[in-house]
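Engineer: Build the 3D model from these lines:
(2 chains)
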Amino acid sequence: MEVVNKKWPEDYFFRQRKSVLAMWPTGNDVDLAEAVEYHKKMPPSKNAALKVLEAREKSISYFCPSSGTDTIDAHKELLLYLQNVGKVDLLTSYIDSLTRNCRFEAAEQGLKKALENRKAVLNGFPMAVHGVKGNREVMEALDLPVLMFGPTPDVRLTHEIGLAGGHTGYSGGPLISFWNYTKNVPVEAVIHNFQYTHRLLGYYEEKGVPILYCVSGAMPAVSPPSLMIAPEIIEVLIAAEQGVKHIQLNNWLQGNIAQDIAYILTFKKLAQEYLARSGHGDVETTTYSVSPTGRFPSEHERVFALIGYYTMIGLLGHVQVIGSRTIDEAHHIPTKEGTALSFRCARMMAGMLQAQGVNILDNEAVKVESRMMEKEVRAILDRVIEIGEGDLVLGTKRAIETGVLDQPYATTQLVKGKVMGVKDSEGAARFFDFGELPFDKEIRDYHKEKIQERENRVGKKVGYETIINDMMAISNGVIVN
Amino acid sequence: MNKPGGINPSARKGILVTGVIGEDVHVTGIRILEHALRKAGFIVHSLGIHNSQEDFINAAIETNADAIMISSLAGHAQLLVEGFRDKCIEAGLEDILLYIGGQLVIHAEDWDNIEKSFKDLGFDRVYKPFVLPEPVIADLENDLGLP
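Structural biologist: Presented below is the predicted three-dimensional model:
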């Protein structure tokens, strides 16, 4: 069957569902009707979708770490610590990488070893291996909502079990999974898997259980924001088509304040516009900000400053949820203590800033960035829709083949990989190479002019050496050399 | 595999197979190098991440490559390329150039020793972490006898 952007008929979904639940024995324990009742009995304060709407209503920002470990007891202890000591507002169950690749048997062996040695073996929580009951045991020990976290090409069974187990959201998406977590999986296969999980989220919504879905588009590496926003909006629209009703927009902060704020404003505006145009104007959108993975300073004092800085940008952009890197992740998988300290640092920033209502959204530099970013995103999306002859999924497939959708450092081989970014003299990300992006002269000249300013300042041409240095600049203590 | 799209055949300098060996997922370095190699006029057959010795050899045979360029950042390169030159010779790739670069070992060691150990394994060129594309391209042009 050709993968297209059309809501799955219920019988097609339930046919697919049989084989998904058969992927691992715990799939047999999922009873959708019972799971819906379970969610309805949970207090609303433990529902992620409702919690972020509350933040939007109150004009405040909540905090959400991303963490997870393997055994039920250890995961429970970790999340309780972040709730009680880290003082965060939402929690996540980070999915281990074996589970993410559907290697459930290997995950089960890892879990056995972790139980025997009383020491973590897996790098996250294996929802499917623990089954519905195991998931609920963790959820019931907590007072906060918990999301599942982790892009992967096939998260279908994990969704079935994680949601029935009391999780109320998921962060990941078909395009970030395709670019950054696969090598040879065709994009339409990843999208088909995600249509399943979206249809499942939509099923819960139809039965009156709100579930939060968080898109993240693509992992940036000195990437102009349109490279993330365009795939993120595609993820939003594909999810909405299957009935997802609560969507969180992930804004990747790269450190240039005007560009980062413009990202938040442009993404929100265009996501809502394209949703309305596709007949999904009833979808609730909220915003989230986080700095991307990449080289981070190793010294705690410098990371604390960076955590405060990125938190400030999220607060100035009025996002509903703020995520953060942690003080220890340059050294190892973050500990619960390191994560808690990092989020207490972030909350201090909110404690100072939130009451003041500082408004920089109308700042001139923000407006200039927003105007150009909006033009870029529209150029990409409108071409995707055009070459898909009206179908977004077909358009996405063709756009990736032709480089209309492209990424600089993708792990997948099924991408042009011609675009590349470099910083301008103020540390904003610009196009070093436009690849096959469908941009007009005004956009191209704007980026060239910004790069020229940096060349004039340092007195030499921007080249590969500049690009490599730009990726390490922040870990060396400056936004741009 | 990526197609050699967009390159003018008359500007072609040589055919290269590039990729990361082993379970390593670090891709940024090789992507920058591939970008620079294509700009410099080479045809680049990129294998991306997660490749075995056989993957490199099969691709080199299939594309009639002039050089294989291996990237590795996880520190296990010595184990992963053991016997690679011999396998190339067995496969009929007697004259192929072999380049390797990245974080090749786990511990800080004297560079001359590292370079020698990889040359002993049959590599023509060995590069430190964060080498820039320009000197690599100059070496390639030299080794391929290009003007």
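Engineer: so where's the stretch 251-400 of chain A shaky on pLDDT?
Structural biologist: Low-confidence segments of the stretch 251-400 of chain A (pLDDT under 70): none present.
Engineer: Who are the contact partners of the residue of it found nearest chain B?
Structural biologist: Nearest residue of the stretch 251-400 of chain A to chain B (CB to the nearest CB) works out as residue A:294 at 8.9 Å. C-betas here are computed from N, CA, C, even on glycine. Taking CB atoms under 8 Å, 6 or more residues apart in numbering or on different chains, we find residue A:294 in contact with A:221, A:471, A:474, A:475.
Engineer: Near the second one, how many residues? Count them for me, please.
Structural biologist: If you count neighbours by other CB atoms under 10 Å in any protein chain shown, residue A:471 ends up with 19.
Engineer: same thing with residue A:364?
Structural biologist: By other CB under 10 Å, the residues close to residue A:364 number 8.
Engineer: how near is it to residue A:428?
Structural biologist: Applying CB to CB, to the nearest Å, the value for residue A:364 to residue A:428 is 14 Å.
Engineer: Near chain B, list only the ones from the contacts of residue A:294.
Structural biologist: Checking the contacts of residue A:294 against chain B by CB under 8 Å from any CB of the partner chain, the ones in range are A:221, A:471.
Engineer: What are the boundaries of the helices in chain B?
Structural biologist: For chain B, the helices defined by DSSP state H cover B:28-39, B:53-63, B:77-81, B:84-90, B:111-120, B:133-143.
Engineer: Tell me which of these is the most buried.
Structural biologist: Greatest average neighbour count among these goes to helix B:28-39 (a mean of 21), per mean count of other CB atoms under 10 Å in any protein chain shown.
Engineer: could you dump that helix to CSV, C-alpha only?
Structural biologist: Taking C-alpha atoms only, helix B:28-39 is exported to CSV below (Å, rounded to 0.1, in the frame of the first residue of the first chain):
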residue,chain,number,x,y,z
THR,B,28,29.8,15.0,11.5
GLY,B,29,33.5,14.8,10.5
ILE,B,30,33.0,12.5,7.5
ARG,B,31,30.1,14.6,6.3
ILE,B,32,32.2,17.7,6.3
LEU,B,33,35.0,15.9,4.5
GLU,B,34,32.5,14.4,1.9
HIS,B,35,31.1,17.9,1.2
ALA,B,36,34.6,19.3,0.6
LEU,B,37,35.7,16.3,-1.5
ARG,B,38,32.6,16.7,-3.8
LYS,B,39,33.3,20.5,-4.1
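Engineer: how about it, does it reach chain A?
Structural biologist: Yes - using CB under 8 Å from any CB, we find that helix B:28-39 touches chain A at B:28, B:31, B:32, B:34, B:35, B:36.
Engineer: ok, and the closest non-adjacent residue to the closest residue to chain B within the stretch 1-150 of chain A?
Structural biologist: Residue of the stretch 1-150 of chain A nearest chain B, by CB to the nearest CB: residue A:97 (10.1 Å). Closest residue to residue A:97 apart from its sequence neighbours, by CB to CB, 6 or more residues apart in numbering or on different chains: residue A:123 at 5.8 Å.
Engineer: what do you get for residue B:30?
Structural biologist: With CB to CB, 6+ apart as the criterion, residue B:30 has its nearest non-adjacent residue at 4.1 Å, and that residue is residue B:71.
Engineer: what's that neighbour in contact with, if anything?
Structural biologist: Residues in contact with residue B:71 (CB under 8 Å, 6+ apart) are B:18, B:19, B:20, B:21, B:26, B:29, B:30, B:33, B:100, B:101, B:102.
Engineer: Now do the same for residue 45: its pLDDT.
Structural biologist: Since you didn't name a chain, this refers to chain A. Note for residue A:45: predicted pLDDT of 98.
Engineer: Please refer instead to chain B.
Structural biologist: Residue B:45 is assigned 96 on the pLDDT scale.
Engineer: what do you get for the one 5 residues further on?
Structural biologist: With respect to pLDDT, residue B:50 has a value of 89.
Engineer: and if you look at residue B:105?
Structural biologist: In this prediction residue B:105 is given a pLDDT of 83.
Engineer: What is the burial count for it?
Structural biologist: Per other CB under 10 Å, the neighbour tally for residue B:105 reads 16.
Engineer: Against residue A:246, how distant is the nearest residue to residue A:394 once chain neighbours are set aside?
Structural biologist: Leaving aside its sequence neighbours, residue A:394 sits nearest to residue A:388 (CB to CB, 6+ apart; 4.1 Å). Computed as CB to CB, the residue A:388 to residue A:246 distance reads 26 Å.
Engineer: So which of these two has more stuff around it?
Structural biologist: Counted by other CB under 10 Å, residue A:388 and residue A:246 do not tie: residue A:246 has more neighbours, with 24 against 18.
Engineer: for that one, phi and psi?
Structural biologist: The phi/psi pair for residue A:246 (degrees, to the nearest 10) reads phi -120, psi 110.
Engineer: Surely it touches residue A:211?
Structural biologist: Yes - counting by CB atoms under 8 Å, residue A:211 is a contact partner of residue A:246 at 6.5 Å.
Engineer: between these two, what contacts are shared?
Structural biologist: Common contact partners of residue A:246 and residue A:211 (CB under 8 Å, 6+ apart): A:49, A:205.
Engineer: which ones are touching residue B:92?
Structural biologist: Applying CB under 8 Å, 6+ apart to residue B:92 gives the contacts residue B:61.
Engineer: Wait, residue A:40 touches residue A:208, no?
Structural biologist: Yes - with contacts counted by CB under 8 Å, residue A:40 reaches residue A:208, the gap being 6.9 Å.
Engineer: Please identify the helix or strand for the residue of the stretch 151-300 of chain A found nearest chain B.
Structural biologist: With CB to the nearest CB as the measure, residue A:183 is the residue of the stretch 151-300 of chain A nearest to chain B, at 5.6 Å. If you go by DSSP states H and E, residue A:183 is not part of any helix or strand.
Engineer: so what's the most centrally placed residue in chain B up against?
Structural biologist: Nearest to the geometric centre of chain B sits residue B:69, at 0.6 Å (CA atoms, centre = their mean). Residue B:69 is in contact with B:16, B:17, B:18, B:19, B:30, B:33, B:99, B:100, B:101, B:136, counting by CB under 8 Å, 6+ apart.
Engineer: between those residues, which is nearest chain A?
Structural biologist: Looking across the contacts of residue B:69 and measuring by CB to the nearest CB, the closest to chain A is residue B:33, at 8.4 Å.
Engineer: Surely that closest one touches residue B:140?
Structural biologist: No - between residue B:33 and residue B:140 there is no contact under CB under 8 Å: 10.7 Å.
Engineer: Over to the residue of the stretch 151-300 of chain A closest to chain B: give its phi and psi.
Structural biologist: Residue torsions, per degrees, to the nearest 10, at residue A:183 are phi -120, psi -50.
Engineer: Quick check, it in contact with residue B:46.
Structural biologist: No - counting by CB under 8 Å, residue A:183 stays clear of residue B:46, with 11.0 Å between them.
Engineer: Now do the shared contacts for those two.
Structural biologist: With contacts defined as CB under 8 Å, 6+ apart, the residues shared by residue A:183 and residue B:46 are residue A:413.
Engineer: For these two, indicate the residue with more neighbours.
Structural biologist: Using other CB under 10 Å, the more surrounded residue of residue A:183 and residue B:46 is residue B:46, with 22 against 16.
Engineer: re earlier: quickly note the distance from the residue nearest to the centre of chain B to chain A.
Structural biologist: 15 Å (CB to the nearest CB, to the nearest Å).
Engineer: still on that earlier bit, and the gap between the residue nearest to residue A:394 and residue A:257?
Structural biologist: In this view, residue A:388 and residue A:257 are 35 Å apart by CB to CB.
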